[in-house]
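Asks: Predicted model and sequence below, questions to follow.
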Number of protein chains: 2
Amino acid sequence: MTANPIFRVVEGPASGRCEQCGIRKKAVCAYCSTPELVLLDAMKSYKDFAPGEEIAAAGEETTHVGTVVEGVVSLSKTMIDGRRQMVGLLFPSDFIGRPFRAIAPFDAVAVTHVRVCRFKRKSFESLCEESPNLEKRLLEMTLDELDASREWMLLLGRKSAREKLASFLAILARRAAGLADKPLANGVTVELALTREQMSEYLGLTIETVSRQFSQLKREGVIALKSAREVAILDFARLLDASGDESDGDALY
Amino acid sequence: MTANPIFRVVEGPASGRCEQCGIRKKAVCAYCSTPELVLLDAMKSYKDFAPGEEIAAAGEETTHVGTVVEGVVSLSKTMIDGRRQMVGLLFPSDFIGRPFRAIAPFDAVAVTHVRVCRFKRKSFESLCEESPNLEKRLLEMTLDELDASREWMLLLGRKSAREKLASFLAILARRAAGLADKPLANGVTVELALTREQMSEYLGLTIETVSRQFSQLKREGVIALKSAREVAILDFARLLDASGDESDGDALY
DNA sequence: CGCTCGGTTGAGTGAATTCAAGGGCTGTGG
DNA sequence: CCACAGCCCTTGAATTCACTCAACCGAGCG
């Protein structure tokens, strides 16, 4: 429904036919055949969200699932007293929503401007039954997410503040470096989509501690801050060292 | 292969035909039809593990996947300097192993005596392609695991030591109370399969802190310790209150 | 009997939090 | 154009919760 009232004037990279969708090779529809894509094309709709806008609320019924096409989405859970923990960060091509369950287990909030390629949950579930390709890809993606979230449990449960921030920056740097694997040149600049507060929610820290660790890494010459939200990785080896992870390459991301 | 050299003399509840397997209705094979079960029956083998025995090692190739039939298995990750975080605890009917990936992402260790109903990973993967019922159930289980692990991220990232232990005990109590949902009578006794050290690894604490929190809850009359490993829940309402979770019912477990 | 292992408890420390203040940037309105 | 408010971020000082270090207890076992 690109004809809806939309916040920004948009006709971004991805909102047309599935065939020419930029993230199709990585999204849940990656394994779909051309006829299957025609089906998806007929069922899908795009929806945009402004930064800070709620996409789904924990405990409430959700009617849609889909794929993040543009922007960054946070998944989080809040305790009654307000303490909040981010439990995931979704980037373009990531799947969003909970198939086979009416009630959303977590809050989903747009961090940046976000565009989602959506399906009605029920329709998507039926589609899964019929299309082994779709279901197979969803299973793969869910298994990967599970591995990643368990990896994050190690960070939350055992790493120091310094290690947490270094791990986070290392992941972003890898992602920024063309999503390629190993070759990570020093001097890469990473654009932070998150505020200090959002990072603190992701890392299980307070905003002040995050800020202090930024300052510390800067003081040591591991990173440089072009602005509060632009980080240059000056010494990737030392960043990895500070992250507490062994060597380099084997990360899941 | 129950004819293999096995550690204990065993012919426990579950090791025969799939049809009469006690956990079949909850395991990955739950949706399989009779002919499918015949296939599984032909491919499966049972393997037993002694307490403390390694079932899989992070970073190493694994050849099998399967279902925990008896006992408790821990999934964990260890940092180079020895810090360790448990990232999951597997009970009977839980799936164990990582389909579609040769290298195990985590250590799997038998906490108690364990029996696993195993399949060669490759064979299981092929079976998934052919049996939508199998794949569907695996997808469901993986989605549930993902939700649970994200729930655990909240515990690790935001909860106090007291809240962590109370949450853990509340989960065990619910599980012990017949896996039923709400009705939780006071006085239920929970048998702890884990040592204080294993609990500390699961909760992201030290062994001393776990012990202190046990003592504290005992002093307050929330629980009673019949022995170090047998906990009576004297006041479930106050336990829930101490867990930091809202009200009671909605937990994922 | 003496050892080890799992568990508890106490004392002191320290890393991250809380509380508090201030700086810089942006957008708005006088 | 400047003044001001609000937001995001940083930094300092004090506090606290969990950790480290250390001693001790009881049960099981060679």
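Replies: Arrived safely.
Asks: alpha carbons only for contacts and neighbour counts from here, please
Replies: Will do.
Asks: Chain A against DNA strand C: which residues are in contact?
Replies: By CA under 7 Å from any atom of the strand, the residues of chain A that approach DNA strand C are A:159-162, A:204-210.
Asks: give me that answer again for 6 Å
Replies: A:160-161, A:204-206, A:208-209 (CA under 6 Å from any atom of the strand).
Asks: Intersect those residues with the contacts of DNA strand D.
Replies: Answer for the residues of chain A next to DNA strand C near DNA strand D (CA under 6 Å from any atom of the strand): residue A:208.
Asks: from the residues of chain A next to DNA strand C, which two are the most distant?
Replies: A:160 and A:208 (14.4 Å; CA to CA).
Asks: Looking at the two, which one has more neighbours?
Replies: More neighbours surround residue A:160 than the other of residue A:160 and residue A:208, with 15 against 12 (other CA atoms under 10 Å in any protein chain shown).
Asks: Next up, the contacts around that one.
Replies: Not one residue lies near residue A:160 by CA atoms under 8 Å, 6 or more residues apart in numbering or on different chains.
Asks: so what's residue A:247 up against?
Replies: For residue A:247, counting by CA under 8 Å, 6+ apart, the contacting residues are A:240-241.
Asks: how is chain A carved up into domains?
Replies: When chain A is parsed with automatic domain parsing, its domains come out as A:18-154, A:160-243.
Asks: what's the pLDDT at the closest residue to residue A:245 other than its chain neighbours?
Replies: Leaving out its chain neighbours, the residue that sits closest to residue A:245 by CA to CA, 6 or more residues apart in numbering or on different chains is residue B:79, at 7.0 Å. Residue B:79 carries a pLDDT value of 97.
Asks: Identify the residues contacting residue B:79.
Replies: Contacts of residue B:79 (CA under 8 Å, 6+ apart): A:244-246.
Asks: so where is the stretch 51-200 of chain A shaky, pLDDT-wise?
Replies: Applying pLDDT under 70 to the stretch 51-200 of chain A flags the ranges A:179-183.
Asks: Quick check on the residue nearest to residue A:158 when sequence neighbours are not counted: phi, psi?
Replies: Nearest residue to residue A:158, sequence neighbours excluded (CA to CA, 6+ apart): residue B:204, at 6.2 Å. With angles defined as degrees, to the nearest 10, residue B:204 shows backbone torsions of phi 70, psi 40.
Asks: which of the residues in the longest helix along chain A are buried?
Replies: For chain A, the longest helix by residue count, based on DSSP state H, is helix A:132-158. Across helix A:132-158, burial judged by 16 or more other CA atoms under 10 Å in any protein chain shown covers A:132-158.
Asks: Run through the neighbouring helices and strands of the helix or strand following it.
Replies: On the C-terminal side of helix A:132-158, the nearest following helix or strand under DSSP states H and E is helix A:161-176. Other elements packing on helix A:161-176 under the criterion 3 or more CA pairs under 8 Å, 6 or more residues apart in numbering or on different chains; DSSP states H and E are helix A:132-158, strand A:189-191, helix A:207-219, helix A:236-243.
Asks: buried residues in the next helix or strand after the second one?
Replies: The helix or strand immediately downstream of strand A:189-191 is helix A:196-203, counting by DSSP H and E. Buried residues in helix A:196-203, counted by 16+ other CA under 10 Å: A:196, A:198-203.
Asks: Return only those of those residues found close to DNA strand D.
Replies: Okay, of the buried residues of helix A:196-203 touching DNA strand D (CA under 6 Å from any atom of the strand), that's residue A:196.
Asks: Tell me the one among the buried residues of helix A:196-203 nearest to residue A:238.
Replies: Nearest to residue A:238 among the buried residues of helix A:196-203, with distances taken as CA to CA, is residue A:203, at 19.7 Å.
Asks: so that closest one sits right up against residue A:165, yeah?
Replies: Yes - Residue A:203 is within contact range of residue A:165, at 7.3 Å (criterion: CA atoms under 8 Å).
Asks: rewinding a little: which of the residues of chain A next to DNA strand C has the largest number of neighbours?
Replies: Busiest of the residues of chain A next to DNA strand C [other CA under 10 Å] is residue A:204, holding 27 neighbours.
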